[in-house]
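*Asks:* sequence and predicted structure below; questions after.
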Amino acid sequence: MVSKKLLYSFIPLIFIFLTNPVHAAEKQSDIYEQRMAVYKKTEALTQVPWYYLAAIDQYERQIQKDKDDHIVSISIPEEIWYGLGNSTLSKDTIIIDLFNGQGKDGNGDGKADAEDPEDILYTIATIILQYGITDDEIRIALWNYYKRDLTVQTIKNTAKVLKKFQHVNLTDRDFPVSIRHNYSYRSTWGDRRGFGGLRIHEGTDIFAGYGTPVKSTTYGVIEMKGWNLYGGWRIGIRDIFNIYHYYGHLNGYADNIKVGQVVKPGDELGSVGSSGYGPPGTSGKFPPHLHYGMYKDNGHSEWSFDPYPYLRKWERMAKAK
Ligand SMILES: [Zn+2]
C-alpha cells in the first residue's frame, strides 16, 4: 500500500503537470488535429466538404457548453437519431432502421453511437447527402435541419472562413483600433443613452482621432455594411464563435471591404470617425470614436454583452506581438 506521506508528495507534481501552460497548449493543438482528422475522414466517406461538417460542429460547440471539450460537439435529437417512438435507445442499427432513425455507424463497429465522433459526423453527412453537396443544396439541408435563418447564416459563414484558411485552429485576435495611435476607452456598457428614446449603451466606445485605422478583431465574414441612424457608417462581422461584432461611427471604409468578404484579425475595415445620429452623411455630433459592440447567439436569440473584458485581453495580445 502507498503511504499517505508518499501520496501527498505527488500532489504538487500533479498540480504542476495540470497547470503547465505548455502542456495545456499541446493538449489544445491535439484536439484541433483530432477534429480535423474526423472531418477529413467523413469527407472522404461521403464527399460532404469537411469545412461544412466543421462549421456545424463549431456552431453547436458554442451552444452545447457541456460538450465544448468533446472532439465533436454536435448533439443530434433523440427522435432523429433513434427514430420517432423508439424508446429502446438501442445503438443497434437494425433497430434504429426499423424506426426510421437517422443514426448511422460511421466507424464500422456495428453500433450507431450518438456520443461517438465518427458516428455523429457520418450521420450528419448522411442527412446532408439527402439534399446534395453543392453550397445551395447544403444550405437547404441546413435550413430543414435547424429551421432557423441565423443558424444557417452562421454555419455558412464559418464554413467560408474554414475553407479559406484550411484549418480549425483559428483563435488569434486583435484590438479593433491601431495600438500605434493614441486612443482611450473605459467600461461603459449598460450606460443610459438619450438619443432615440430610452436605450442602454450596448458596447464600448474607443476614443481616437479621425482616420485612426479600425481593424477586425476576429476571423469572420462581413455581414453588414452601410448607414444606420445611430451607428452611422458601420460594419457588422459574424465570427466563427456565434458572435456578431458591430463597428459604428466610422469615417469611411477601407478599399475592397464588401458584404460576404472573409476577414481575419488585423484586417483593416475603415477608420475612426463621428458619423451617425442623423440622416446619411451626418457627422461631428460627438467626438470621434469607434463604437464596438458584441452580440452572442445562443441558438434561440441574440443578446448584447459587455466587450470591455475582451478588449482588454486583445489589447494585451496585440501589445505582446
Ligand atoms: Zn458607443
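*Replies:* Great, that's in hand. Residues are numbered from 1 along each chain as shown.

*Asks:* who are the contact partners of the closest residue in space to Asn169 that isn't next to it in sequence?
*Replies:* The shortest distance from Asn169 to any non-neighbouring residue, by Cβ to Cβ, 6 or more residues apart in numbering, is to Tyr32 (4.2 Å). (Each C-beta comes from the backbone N, C-alpha and C, glycine too.) Neighbour list for Tyr32: 167-169 [criterion: Cβ atoms under 8 Å, 6 or more residues apart in numbering].

*Asks:* again, 10 Å this time
*Replies:* 71, 167-171 (Cβ atoms under 10 Å, 6 or more residues apart in numbering).

*Asks:* now these: which count as buried?
*Replies:* 71, 168, 170 (16 or more other Cβ atoms under 10 Å).

*Asks:* turn those into TSV, including distance to Ile128 and secondary structure.
*Replies:* Below are those laid out as TSV (distance: Cβ to Cβ, whole Å; DSSP: H, G, I helix; E, B strand; the rest coil):
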residue	distance to Ile128	secondary structure
Ile71	19	coil
Val168	18	coil
Leu170	23	coil
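
*Asks:* pull the CA atoms of stretch 171-181 into CSV?
*Replies:* What follows is stretch 171-181, C-alpha atoms only, in CSV (Å, rounded to 0.1, in the frame of the first residue of the first chain):
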residue,chain,number,x,y,z
THR,A,171,-8.0,31.5,-32.1
ASP,A,172,-5.9,34.6,-33.0
ARG,A,173,-7.4,38.0,-32.0
ASP,A,174,-6.6,41.7,-32.5
PHE,A,175,-7.5,45.1,-30.9
PRO,A,176,-10.1,47.0,-33.0
VAL,A,177,-8.1,50.2,-33.3
SER,A,178,-4.4,50.5,-34.2
ILE,A,179,-2.4,50.4,-30.9
ARG,A,180,0.2,52.6,-32.6
HIS,A,181,-2.2,55.5,-32.4
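
*Asks:* pretty sure Gly299 is in a strand, no?
*Replies:* No: Gly299: not assigned to a strand; according to DSSP: H, G, I helix; E, B strand; the rest coil it is coil.

*Asks:* I'd say it and Ile155 touch.
*Replies:* No: here Gly299 does not reach Ile155: they are 11.3 Å apart, not a contact under Cβ atoms under 10 Å.

*Asks:* which neighbours do those two share?
*Replies:* Listed contacts common to Gly299 and Ile155 are 59-60, 146, 242; contacts here mean Cβ under 10 Å, 6+ apart.

*Asks:* quick check: residues of the chain near the ion?
*Replies:* Listed as neighbours of the ion in the chain under the rule Cβ under 5 Å from the ion: 203, 205, 291.

*Asks:* so which of those wins on neighbours?
*Replies:* Gly203 (26 neighbours; other Cβ atoms under 10 Å).

*Asks:* give me every residue that touches it.
*Replies:* So Gly203 contacts 188-190, 231, 245-248, 290-295, 304-308, 311 (Cβ under 10 Å, 6+ apart).

*Asks:* any idea how far Asp174 is from the closest residue to the ion within the stretch 51-200 of the chain?
*Replies:* As assessed by Cβ to the ion, the ion sits closest to Thr188 within the stretch 51-200 of the chain, at 7.2 Å. Distance, Thr188 to Asp174, using Cβ to Cβ, to the nearest Å: 21 Å.

*Asks:* can you check Ile95 too?
*Replies:* 51 Å.

*Asks:* more neighbours, the two?
*Replies:* Neighbour count, other Cβ under 10 Å: between Ile95 and Asp174, Asp174 has more, with 20 against 17.

*Asks:* tell me, what residue is most central in this structure?
*Replies:* Closest residue to the average C-alpha location of the chain: Phe241 at 1.3 Å, with Cα atoms, centre = their mean.

*Asks:* need the three-state assignment for that residue.
*Replies:* Per three-state DSSP, Phe241 ends up coil.

*Asks:* which residue sits closest to it, ignoring its sequence neighbours?
*Replies:* Gln62 (5.7 Å).

*Asks:* what residues sit buried inside the helix or strand hosting the one you found?
*Replies:* In the assignment (DSSP states H and E), Gln62 maps to helix 50-63. Residues of helix 50-63 classed as buried: 50-63 (neighbour count, 16+ other Cβ under 10 Å).
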